[in-house]
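*Asks:* Starting from these lines, generate the structure:
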Amino acid sequence: MPKLKVNDIDVEVEEGLTVLQACEKAGVEIPRFCYHEKLSIAGNCRMCLVEMEKSPKPIASCAMPASDGMNIKTNTEFVEKARKGVMEFLLANHPLDCPVCDQGGECDLQDQSMYYGVDKSRFKENKRLVPEKYMGPLIKTQMTRCIHCTRCVRFATEVAGVPELGAIGRGEDMQITTYLEQSMQSELSANVVDLCPVGALTSKPYVFEARPWELKKTETIDVMDAVGSNIRVDTYDWEVKRVLPIINEDINEEWISDKTRYACDGLLHQRLDTPFIKYNKKFEKASWAEVYKIIKSKFENTSKEKICGFVGDLTNMETSYIFKEFFDRTLDIKNYESRPDNRFINTSNREDYIFNSSINGIEESDLIFLVGSNPRYEATILNARIRKSYLNNNTRIFSLNENGDLTYPYESFDGQTQTLKNIFDGAHELSKNILDSKKPMIIIGESFLRLNNAEYLYIKIKEFLSKNNKFLDDWNPLNILTCDASSVGNFDLGLINKETNLLNDLKSNKFEIVYLVGQDNINFNKRDEFVIYQGSHGDKGAEIADIILPGSAYTEQDAHYTNLEGKIQKAYKASYPPGEAKEDWQIINEIAEFMNNRKLFNDKEELESSMFNYLNLQKEKQNKEYKKEFSGELKNEKLKIDIKPYYFSNIIARCSKTMIECNNSKLNLKSTGTEG
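*Replies:* Here you go, the predicted model:
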């Protein structure tokens, strides 16, 4: 390990680190614009200049490897003069528009100018003007401000895997552009806004909305998919203005998807803010007491077997748990379910419904096999990890189906279940590849779990991996890729009906009362059912309801979510529900009190405590082995990957104007034939 001196401090660093990283290890902060930990080294801004002993000129610390015996100085007059010269060059063409720039207050160029800027310039030429570029509905450009750090270009090429950004021209004529000036076709595109150290790329939906110091910042969890990205929600006067990523190396690193970032404007539209009762096919406003009275009467005058309940895709664990307790203890029935379709899930063993290899583990794998999954649209951040693994480790990737562009090369098969059976019978070329790999990953999507033969094939996959010793103490190769934020938490809490098929009974109109909590994805033809809908938005569930109970969105209540790899994370309250709307757990608690004169839980702390006790008990009860004998032969099926429309995958996204614009921009590209 190289040993060097930084400002007379002895530092020992790992082989391959740069001088800049060695300086940071010594506690010295080096200014930079082009350097970023997650991107390749460009060395074009020259702001990170430092003095090295025996070097006549200052060196760019981001591009110089640290070597033994170096003596680095970062605080001399020589270094300061060099950095001031660089800053003078950077500001030569930069417009003086900080008061109207959206980056103001969180701009790297502003911060560095305070230290290394000068009050006058030696350049007498006119400042250059760069025409604006169109980069889609999410990114606003003002390219005259651009300092050519190329962070956006490197991100698009390396991380997003969509090499649409680049530089044209030379010298003063150099411009960063999308070449064809079309919308960026990546679900991670808006991360370039965070990366841009100046105000050249800013957020189009957020333009002129607020200044950073006016916003209340709340660290919480994203629910747009099951990854559980760590985010910061910024609110102004209790209105959610923007969502930004928080660094979590185990889950989302420092990226978030465009849907996570921009679907938040859906929190303002189509909100349910007061209880409603349907009279003569029209909704009329009502009080909480009125709706509770009707619900109580309906429950008391209906036989137990005619009542059922479903929880939705964004429901937090506290709500799901109290909903289950309400059915178990208050109504004394078990007709509840969390699946919107008849997919196969074995809840007796937790390893059979989570992403066992972990998101971080993707980087350790040497072979990935996608079965009925399209991670680019089902879990964008997870897909970025697969691309990273491919780039860094040359991981081999296979898919049972042709998935289009996943941002990395992969080998696809015909999508037939017979092919899948052949692979895990050992009678296919891929079988040998799996056997030869040290840490294979089988990623099973929800489309696979909807197959008629899903259970048979799942057990066959598990037996093949087990027989060939692919289950190690530190590695479980079998992974389920769930799409909804609440799925794993609901399975943990036992919101699954193993005895009867509630969905088939619902579609056969066998129930008289249907209680939906945030469930908008069930398709059934309503006849005489009395539907109670509890949720935050007036979406599909509210349309068929007879009573509407206004609940809260994910930013409006403290709650827990379990992500696809089984990690429980807490989401924190950033704003308040509108009008008379209440937190979801509270509504169910009040219905129970109205019916029995006794609350299920006295407060939220008691609810959380009971929920975690239940989860701990379930862990102890879990069966480690799951075996089932099958008779007969496999009926060959074509596995069709059926995924929700990316920009309209949940009620918040469907109510977002920005998501509509994103969807339209994608449709326009398809119609003109310029996509990809």
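*Asks:* Longest helix in this protein, please.
*Replies:* Here the longest helix in the chain is taken by residue count, with DSSP state H as the criterion, and it is helix 604-621.
*Asks:* Can you tell me what sits against that helix?
*Replies:* 317-318, 321-322, 325, 350, 492-494, 558, 560, 585, 589, 600-601 (C-beta atoms under 8 Å, 6 or more residues apart in numbering). To be clear about C-beta, it is placed using only N, CA and C from the backbone, and glycine gets the same treatment.
*Asks:* Show me what whatever helix or strand comes next after that helix is packed against.
*Replies:* Next along the chain after helix 604-621, taking DSSP states H and E as the criterion, comes helix 651-654. Contact here means 3 or more C-beta pairs under 8 Å, 6 or more residues apart in numbering; DSSP states H and E; on that basis helix 651-654 packs against no helix or strand.
*Asks:* For the contacts of helix 604-621, work out which two are farthest apart.
*Replies:* By the measure C-beta to C-beta, R350 and N589 form the most distant pair in the contacts of helix 604-621, at 27.9 Å.
*Asks:* Mind checking which of those two has more residues around it?
*Replies:* N589 (22 against 17; other C-beta atoms under 10 Å).
*Asks:* What are the neighbouring residues in contact with that one?
*Replies:* Contacts for N589 were tallied using C-beta under 8 Å, 6+ apart; they are I322, K599, L600, F601, L607.
*Asks:* again, only using 10 Å
*Replies:* Taking C-beta atoms under 10 Å, 6 or more residues apart in numbering, we find N589 in contact with I322, E325, F326, K582, E583, K599, L600, F601, N602, D603, K604, L607.
*Asks:* The second one and L600 touch, don't they?
*Replies:* If I follow you right, that is E325. Yes: under the criterion of C-beta atoms under 10 Å, E325 lies in contact with L600, with a separation of 5.4 Å.
*Asks:* any shared contact partners between these two?
*Replies:* Shared contacts of E325 and L600, defined by C-beta under 10 Å, 6+ apart, comprise I588, N589, A592, L607, S610.
*Asks:* would you turn these into JSON lines with pLDDT?
*Replies:* Supplementary listing: these in JSON lines, determined by pLDDT from 0 to 100:
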{"residue": "I588", "pLDDT": "94"}
{"residue": "N589", "pLDDT": "94"}
{"residue": "A592", "pLDDT": "93"}
{"residue": "L607", "pLDDT": "94"}
{"residue": "S610", "pLDDT": "94"}
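*Asks:* can you pick the most crowded of these?
*Replies:* Each of those was scored for neighbours by other C-beta under 10 Å, and I588 scores highest at 29 neighbours.
*Asks:* quick one: secondary structure of that residue?
*Replies:* In terms of secondary structure, I588 is helix; the call rests on DSSP: H, G, I helix; E, B strand; the rest coil.
*Asks:* swap in I442?
*Replies:* I442 falls in the strand class when you classify it by three-state DSSP.
*Asks:* that older thread, quick check: the two most widely separated of the contacts of N589?
*Replies:* With distances taken as C-beta to C-beta, the most widely separated pair in those is E325 and K582, at 17.6 Å.
*Asks:* Can you show me the helices along the stretch 201-350 of the chain?
*Replies:* Secondary structure of the stretch 201-350 of the chain by DSSP state H, counting those that start in this stretch: the helices cover 258-262, 288-300, 317-325.
*Asks:* on contacts alone, who are the packing partners of the longest one?
*Replies:* Going back to what we said before, that points to helix 288-300. The criterion is 3 or more C-beta pairs under 10 Å, 6 or more residues apart in numbering; DSSP states H and E, and the helices and strands that helix 288-300 contacts are strand 276-279, strand 513-517, strand 530-535, strand 547-550, helix 584-596.
*Asks:* again, 7 Å this time
*Replies:* strand 276-279, strand 547-550, helix 584-596 (3 or more C-beta pairs under 7 Å, 6 or more residues apart in numbering; DSSP states H and E).
*Asks:* Out of those, indicate the one that is most buried.
*Replies:* Among the helices and strands packed on helix 288-300, the stretch with the highest mean neighbour count (mean count of other C-beta atoms under 10 Å) is strand 547-550, at a mean of 25.
*Asks:* Neighbouring strands - and their directions - for it?
*Replies:* Partner strands for strand 547-550, per DSSP bridges, with pairing direction: strand 276-279 (antiparallel), strand 530-535 (parallel).
*Asks:* Would you map the strands across the stretch 201-350 of the chain?
*Replies:* Along the stretch 201-350 of the chain, the segments classed as strands by DSSP state E, counting those that start in this stretch run 201-203, 216-221, 230-236, 239-245, 276-279, 282-285, 307-311, 336-337.
*Asks:* which of those strands sits most buried?
*Replies:* strand 307-311 (a mean of 25).
*Asks:* which other residues reach that strand?
*Replies:* Contacts to strand 307-311, defined as C-beta atoms under 7 Å, 6 or more residues apart in numbering, come from residues 299, 320, 323, 327, 331, 333, 335-338, 486, 490, 495, 502, 506, 511, 513-519, 522.
*Asks:* for the stretch 551-676 of the chain, which spans come out with low pLDDT?
*Replies:* Filtered on pLDDT under 70, the stretch 551-676 of the chain yields the residue ranges 623-632, 668-676.
*Asks:* now do 50
*Replies:* Regions of the stretch 551-676 of the chain meeting the criterion pLDDT under 50 cover residues 676.
*Asks:* now the stretch 201-350 of the chain
*Replies:* By pLDDT under 50, the stretch 201-350 of the chain contains no weakly predicted segment.
*Asks:* The nearest residue to P2 once chain neighbours are set aside: neighbouring residues, count only.
*Replies:* Spatially, and ignoring its direct neighbours in sequence, P2 is nearest to D68 (4.5 Å; C-beta to C-beta, 6 or more residues apart in numbering). The number of residues packed near D68 is 9, by other C-beta under 10 Å.
*Asks:* what do you get for N523?
*Replies:* 10.
*Asks:* So it versus N504, what's the distance?
*Replies:* Distance from N523 to N504, counting by C-beta to C-beta, to the nearest Å: 13 Å.
*Asks:* Likewise for P245?
*Replies:* For P245, the distance to N504 under the criterion C-beta to C-beta works out to 41 Å.
*Asks:* now I434, what's its secondary structure?
*Replies:* Under the three-state scheme (three-state DSSP), the conformation of I434 reads as helix.
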